[in-house]
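K.L.:
For reference, the sequence and a predicted model appear below.
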Amino acid sequence: MQVKAGDLLEKINYPSDLRELSEDQLEQVCQELRQYIIDVVSVNGGHFAASLGVVELTVALHYILNTPYDQLVWDVGHQAYGHKILTGRREVFDTNRIYGGISGFPKRSESEYDTFGVGHSSTSISAALGMAVASHYKGEKDRQHVAVIGDGSMTAGMAFEALNHAGIENSNLLVILNDNNMAIDPNVGALKDYLTSITTSKPYNRFRDDIANVLLKISKSPDALTYKVVQKLEKSVKGTLLKRSNLFESLKFRYFGPIDGHDVKNMVKVLRDLRDIPGPKLLHCITTKGKGYALAEKDQTKWHAPGLFDKITGEIKKTKYEKPQPPKYQDVFGHSIIELAEMNPKIMGITPAMPSGCSLNLMMKAMPTRAFDVGIAEQHAVTFSAGLSTQGLIPFCNIYSSFMQRAYDQVIHDVAIQKLNVIFCLDRAGIAGADGGTHHGAYDLAYMRCIPNMTISAPMNEEELRNLMFTAQQDNMGPFVIRYPRGQGVMVDWQKPFKALQVGKGRKICDGDEVAILTIGHIGNEAVKAIAELNTEGYNPAHYDMRFVKPLDEELLHEVFSKFNKIITVEDGCIEGGMGSAILEFMADNNYQAQVVRLGIPDRVIEHGEQPELWAECGYDAKNIIAQVKNLAVSQNTHTIAS
């Protein structure tokens with residue numbers, strides 16, 4: 001559905017068109033841009049509140065900067081919809097996050113205005129600093145470099161590592177702190193309190209309003225002595241009026257703000273002034289996530305990515321079903337951990353800034369002293385969990401699969417080597433859907449499988465998820481991984497009594513002949529669909545749910561290789577190093593010979609789309625499993641390893 005843009009926005013194809021307008025026209029541009037985002041996202045879905053909150057900032061940046069020569073880096077990218085619309089993608093914005101359409105995040109291959117590909121948080125300052133140092137080295141003294149980072153992303157250690165480095169480089173870098181007190185969920189931690197103390201300090205804000213503009217103008221004086229005197233005066237007054245205002249200045253950043261991030265005219269003025277000040281600078285902007293759409297302002301977590309909705313009434317459109325539907329895996333986790341924690345006082349819950357996304361918010365409400373949101377800090381989440389474990393507690397550390405990549409060293413060094421009983425619940429494992437390549441949980445089976453002391457499991461349904469959680473929290477289990485996908489399971493009646501599972505044991509779903517299908521996790525349900533259709537056509541493959549990738553069920557595999565010489569492995573994870581690779585290793589180590597076909601995510605980055613679309617593209621949905629079984633059933637070569 002093509003949505004019509006406003007009169008001014010319709011004429012803006014690139015930032016150069018925006019710069020042809022007068023400053024008095026920018027407020028109308030902001031109104032039209034905000035409305036266009038509301039119109040398109042309401043009918044197509046996507047991230048919502050974050051982009052509404054930075055409309056004025058986006059317009060001001062592209063009005064003042066000479067993009068794409070000047071380099072603008074958006075942290076995470078949830079907030080970059082306005083940026084995309086103003087940089088040549090308005091006509092295709094209705095394909096945002098849709099299979100074959102534009103990405104929901106900035107992406108270098110998509111536009112020269114997307115200077116750095118993002119999706120995970122807290123990378124913008126490091127990337128922009130690298131660009132700034134490169135420009136300084138190449139003699140590009142007039143080139144601007146801007147990183148826009150939210151206060152949620154600023155809680156990650158990487159952001160402070162970059163600030164620490166940037167403070168000693170005399171590079172042309174501006175960090176814009178977009179402070180809305182929100183990530184996906186409300187921000188937590190001491191940094192939040194510190195930023196709040198700045199924004200609510202009346203003496204400091206009087207100083208800002210009455211004196212800052214004078215200092216700003218004088219600080220651009222070509223006279224070196226005057227410049228140094230003003231710098232000392234500025235720091236002295238800031239330190240006197242707000243004793244804790246030296247956080248950023250102690251890292252040798254010039255701090256400006258806080259300013260109203262929704263006053264586009266003032267934003268233009270400030271950015272124009274800051275453009276001429278050398279060295280590292282930080283501009284603190286106060287914004288409201290969801291600005292301009294009352295419901296999104298009121299409930300910012302709900303409207304982070306609400307799906308389709310009626311833009312007039314605000315009613316979020318949900319598919320209506322005649323029958324009860326299975327729950328989402330994340331909700332099974334959220335309810336089950338509360339049940340387990342009521343049974344076992346040692347259980348604790350930890351998540352890095354995703355309490356609603358992984359449903360740990362349920363435990364945080366029911367048991368606030370036993371569940372922790374540690375902010376966007378995956379490394380800390382893992383080692384914090386390890387610390388809890390050393391004291392006899394049993395932490396369930398819930399991190400999205402693709403985010404766990406950011407804490408890999410901590411998993412090895414702080415948990416696995418010490419054999420600590422930390423339970424890693426990897427939500428969004430496998431193909432994650434419309435968020436695309438930065439969010440697919442493609443690699444966890446491979447990157448966890450090579451670590452000593454690890455137990456690695458994946459449930460085929462909700463009941464198995466509950467039972468794996470119950471199994472993992474028993475004493476002396478050591479590091480334990482449970483990976484499960486985004487979205488719904490397959491069981492309506494899922495809340496059954498817990499029972500312990502034997503670690504390293506799979507199960508036979510159905511017996512058969514000629515071809516054996518070995519699956520791991522939820523994707524095994526695609527094999528169930530495939531086998532049901534194959535049975536109607538006279539094919540009778542066997543199906544085994546491995547359940548554990550480490551340790552492998554060797555007894556089950558001996559049975560499979562003794563009976564079958566045509567085997568298909570299916571996993572919602574990368575083929576390189578995953579379950580299929582583990583099966584081939586077992587076959588080689590035990591001198592079996594069989595024709596093995598591995599189905600999974602191929603060795604390339606998979607773009608965005610709905611999960612079934614991407615399973616089909618990657619070749620491991622029910623239709624492709626059927627094709628592989630039929631192909632093997634007529635194959636005469638029983639001694640070739642195909643992968």
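P.N.:
Perfect, I can see it now.
K.L.:
check which helix or strand covers Thr313.
P.N.:
For Thr313, there is no host helix or strand (DSSP states H and E).
K.L.:
Give me the local confidence score for it.
P.N.:
On the pLDDT scale, Thr313 is placed at 90.
K.L.:
In this protein, spot the strand with the most residues.
P.N.:
strand 566-574 (DSSP state E).
K.L.:
outside of whichever helix or strand comes after it, which residues touch it?
P.N.:
Using DSSP H and E, the helix or strand that follows strand 566-574 in sequence is helix 579-589. Residues outside helix 579-589 that contact it (Cβ atoms under 8 Å, 6 or more residues apart in numbering): 445-446, 449, 518, 520, 546, 549-550, 552, 554, 557, 561, 567, 569, 571, 573, 575, 592-594, 596, 598-600, 641, 643. Just so you know, the C-beta spots here come from the backbone N, C-alpha and C atoms, and that holds for glycine as well.
K.L.:
Determine the angle, from 0 to 180 degrees, between the following helix or strand past helix 579-589 and strand 566-574.
P.N.:
Following helix 579-589 in sequence order, the next helix or strand is strand 595-601 (DSSP H and E). Between strand 595-601 and strand 566-574, the angle comes out at 20 degrees (axes from the mean of the first three to the mean of the last three Cα atoms, to 10 degrees).
K.L.:
Find the residue at the geometric middle of this protein.
P.N.:
Geometric centre of the chain, nearest residue: His120, 5.0 Å, by Cα atoms, centre = their mean.
K.L.:
what sits against the closest residue to that one other than its chain neighbours?
P.N.:
Nearest residue to His120, sequence neighbours excluded (Cβ to Cβ, 6 or more residues apart in numbering): Thr438, at 6.1 Å. By Cβ under 8 Å, 6+ apart, Thr438 lies in contact with Phe105, Gly117, Val118, Gly119, His120, Ser402.
K.L.:
do the same with Pro612
P.N.:
Pro612 makes contact with Asp621, according to Cβ under 8 Å, 6+ apart.
K.L.:
helix, strand or coil for it?
P.N.:
Secondary structure, DSSP: H, G, I helix; E, B strand; the rest coil: Pro612 is helix.
K.L.:
what's the distance between Thr313 and Ala294?
P.N.:
Here Thr313 is placed at a distance of 12 Å from Ala294 (Cβ to Cβ, to the nearest Å).
K.L.:
Check Lys365 too.
P.N.:
25 Å.
K.L.:
try Leu173
P.N.:
In terms of Cβ to Cβ, Leu173 sits 36 Å off from Ala294.
K.L.:
Give me the more crowded residue out of those two.
P.N.:
Leu173 (27 against 9; other Cβ atoms under 10 Å).
K.L.:
which regions of the protein sit below the pLDDT cut-off?
P.N.:
Across the chain, the ranges flagged by pLDDT under 70 are 1, 182-184, 187-188, 198-246, 635-643.
K.L.:
which two in the contacts of Thr438 are spaced the farthest apart?
P.N.:
Gly117 and Ser402 (13.7 Å; Cβ to Cβ).
K.L.:
More neighbours: the two, which one.
P.N.:
Ser402 (23 against 18).
K.L.:
Now Ala446. Nearest residue, chain neighbours left out?
P.N.:
Gly577 (3.3 Å).
K.L.:
what about that neighbour, neighbour count?
P.N.:
Neighbourhood size, Gly577 [other Cβ under 10 Å]: 16.
K.L.:
This completes my enquiry, with thanks.
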